[in-house]
Each structure stands twice: as C-alpha cells, then as structure tokens.
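Enquirer: how would this look folded up:
(2 chains)
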Amino acid sequence: MAFSNEQLERYSRHIILKEIGAKGQKKLLNGKVLIIGAGGLGAPAAMYLAAAGVGTIGIADADNVDLSNLQRQVIHTTSDVGKPKVESACETMQAINPDIEVKTYQTFVTSENILDLIDGYDFVLDGTDNFPAKFLINDACVIAKKSFSHAGIIRFQGQLMTYVPDSGACYRCVFKQPPPPDAVPTCRQAGVVGAMAGVIGCLQAMEAVKFFINAGNLLTGSLLTYNALTMDFRKIKLPKPDGKCPVCGEHPTILQPFDYEQAVCDLKEK
Amino acid sequence: MPAHESQTEYPIDDTVDITDVVCPTTFVKAKVALEELDDGQVLSIRMNDGEPVQNVPRSIKEEGHKILKLLDNHDGTYNLIVQKIGE
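Expert: Modelled structure (predicted):
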C-alpha cells in the first residue's frame, strides 16, 4: 500500500518519528481496535486513535448521549444529546479522519456477545464504568488471547494496566473479583473530574499505538495510578502470575465469559 | 527525469518526485521512499529549488543516508541521488 500525498501530510508528524516511520504508520492503518464504552475514557481514546489513523475502530455502547455526559465525554457535543453514543462518536471520528473505518455496536456487552465482538480485533480498550464489565472484558480477552488496556477513573484518581497474553498479570490476577454491589461508588455517584477521563483515556490510546508500532514498553505486569490532587503517578510492579489465576492460570476454572450482577442503582438508570 | 538521471554514474533503483508537496511533507515523502528500499540501494529524488534543496538533503543526511550527488536539471528542479544506509 503506497501513501497518497494527503496521507503523507496527515500522518507526517508520525512518519518523521524514527519509532514510527512509514512502516509504523502502515501498521496503524492496518490495525483494528475495539473500544468498549463511548464514555469518558472511550471518547479521548477514540478521537486520538482515529486521528492517528488506526484503520479500523469498533466502538460499542448501548447508551444515548445524556447532558451529564458532556462534562467529560468530549467526543459528543450538546447537539448530540439523545442520540446513540456510538452514532455520535462515529460522526466525530469520521469528521476527524475520513481515512479510517468505524464500526458501531449499539449494544450492552455481555457474556453472550463479547467473544463475537472482540473477534477480529487486535487490541481491546476497556472504557467501561463498572466492575462486572471490567471482569467480563478481562476474562473474554484472556480466553480469546487478546491484548487489552484496562482503565478506571473516579473523583481525582485514575489507574490503568495493559494485558498481553503470556506477558504478565491479568486484571483478575490483581483484583480477584468485583467488590460487592454498591460497596464502591460508581463515578455517577462519586463524581469524577472531566480531565481525568482525558488523562487516562489518552494513556490507553498511547498503549494501543505502542502495541501496533511495537516501540518501548507496554504497561504489562504493572499498574499505573494517578492522583490528580497530589500530582503523583505511581507505577506499581505487579507480582508475576503464580499460575493459580482462575482465568489465566495453568488450570483455569473460568473457561467461558460470564456476567456478574450489576449494582441495582446502576441498572435502574439504564 | 530519466534524461537527467542518465547523466549520473550511479544505478538508480527508484525515483520519487517531491515537487508536488511542500515542507515538511517534502522530507516525509522522501523518507517514505527510502524506507521502501534495501540497504545500499540508490534513490533519485526530484525536488524544487529553494527551501527543499536547502533542507531535504540535510534531513536525509541526519537520518544516516549517504548523499551521492545533487544534479541541477536547469528547470528550477534538482535531482538528489541518495544511497540508503541501514535497514
């Protein structure tokens, strides 16, 4: 595939970089990322990955744009309120870069559909806002041997880690199982600074870019935490998997994705 | 510019015309053409007089490639003959 003059100009700041070059840009253009959740984390990630020329971007979300989303979900605008989030996200991404293909899935991601959804994608980006979804994405990606970026944000705090098969701990190795429903507030109940979604969502996009261009080190085997109030980034080295994890261990007991119950207050609003 | 290229004593493996783009795409287009070549192969780059001739050879040199010759086509364009160094 040869670059058009327009592509050379659009991606010139990438191609000039030694770590990307024409070869790396082609890898991005051939890359396929699935973003689960077109919300706070998914919005900046989707916009930067679209701008970067990641050739195929899938985006899954069942919700419609709500006025309360706009404080942080920068892919949607005021005139998008009421519109399906995936439709609004797709319009913004195509406006940024018509060079890429956007696939939309207006659905909740469940144990029934997740393996079909992630099939065919090279990298999955978890932009969800609840523990059941995070464990579901982890289990499905481990089972399907997909690399993915986990992230979570609340108030002034954020965290992320990257899973690559056979390269360090999975999310379940670290967090075992979801906390009891309602034990931990969601960002809907606790609040979150809009820019936190930008910081962490952009870091997820950066991990996806590095995954494709194969440069530097991914956040595998490490958890990066960010406290905006103290301005501390901490990179916590995770223990090597001990082989006992129920999903990524040597004798897994979780062989198929399954759904945890959602907190009642979350379901009511959906 | 085959007529001008024939003036060189170097076997040209590939050519690229960067007269249809402006800085910094000039260098980007040349860099992409060089990436397609193997170590030791020779690229002829047609560029405009002025800014491209001043900057593109320097940038290519900084990337570690070898400038073999700059040929004046006497039509406001030059052909820069570059040997690719490295993979």
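Enquirer: phi, psi of A:R234?
Expert: The main-chain torsion angles of A:R234 are listed as degrees, to the nearest 10 and equal phi -120, psi 130.
Enquirer: What's the local residue count around it?
Expert: 11 (other C-beta atoms under 10 Å in any protein chain shown). In this view, the C-beta of every residue, glycine as well, is placed from N, C-alpha and C.
Enquirer: Mean confidence (pLDDT) on the helix or strand hosting A:A46, please.
Expert: Assigned by DSSP states H and E, A:A46 falls within helix A:42-52. For helix A:42-52, the mean per-residue pLDDT is 98.
Enquirer: Which strands or helices does whatever helix or strand comes next after it pack on?
Expert: Along the chain past helix A:42-52, the next helix or strand (assigned with DSSP H and E) turns out to be strand A:56-60. Secondary structure elements in contact with strand A:56-60, counted by 3 or more C-beta pairs under 8 Å, 6 or more residues apart in numbering or on different chains; DSSP states H and E, are strand A:32-36, helix A:42-52, helix A:85-96, strand A:101-105.
Enquirer: Output these in a markdown table, with distance to chain B and mean neighbour count appended to each entry.
Expert: Formatted as a markdown table, the entries for the helices and strands packed on strand A:56-60 read as follows, by distance: least, C-beta to the nearest C-beta, whole Å; neighbours: other C-beta atoms under 10 Å in any protein chain shown:
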| stretch | distance to chain B | mean neighbour count |
| --- | --- | --- |
| strand A:32-36 | 23 | 27 |
| helix A:42-52 | 16 | 26 |
| helix A:85-96 | 19 | 20 |
| strand A:101-105 | 22 | 17 |
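Enquirer: Tell me what angle the helix holding A:A46 forms with strand A:101-105.
Expert: Using axes from the mean of the first three to the mean of the last three C-alpha atoms, to 10 degrees, one finds that helix A:42-52 and strand A:101-105 are set 160 degrees apart in direction.
Enquirer: before we move on, back to that, any idea which of the helices and strands packed on strand A:56-60 gets closest to A:V65?
Expert: In terms of C-beta to C-beta, the element of the helices and strands packed on strand A:56-60 nearest to A:V65 is helix A:85-96, at 5.3 Å.
Enquirer: Report the angle between the closest one and strand A:101-105.
Expert: Following the same axes, to 10 degrees, one obtains 170 degrees for the angle between helix A:85-96 and strand A:101-105.
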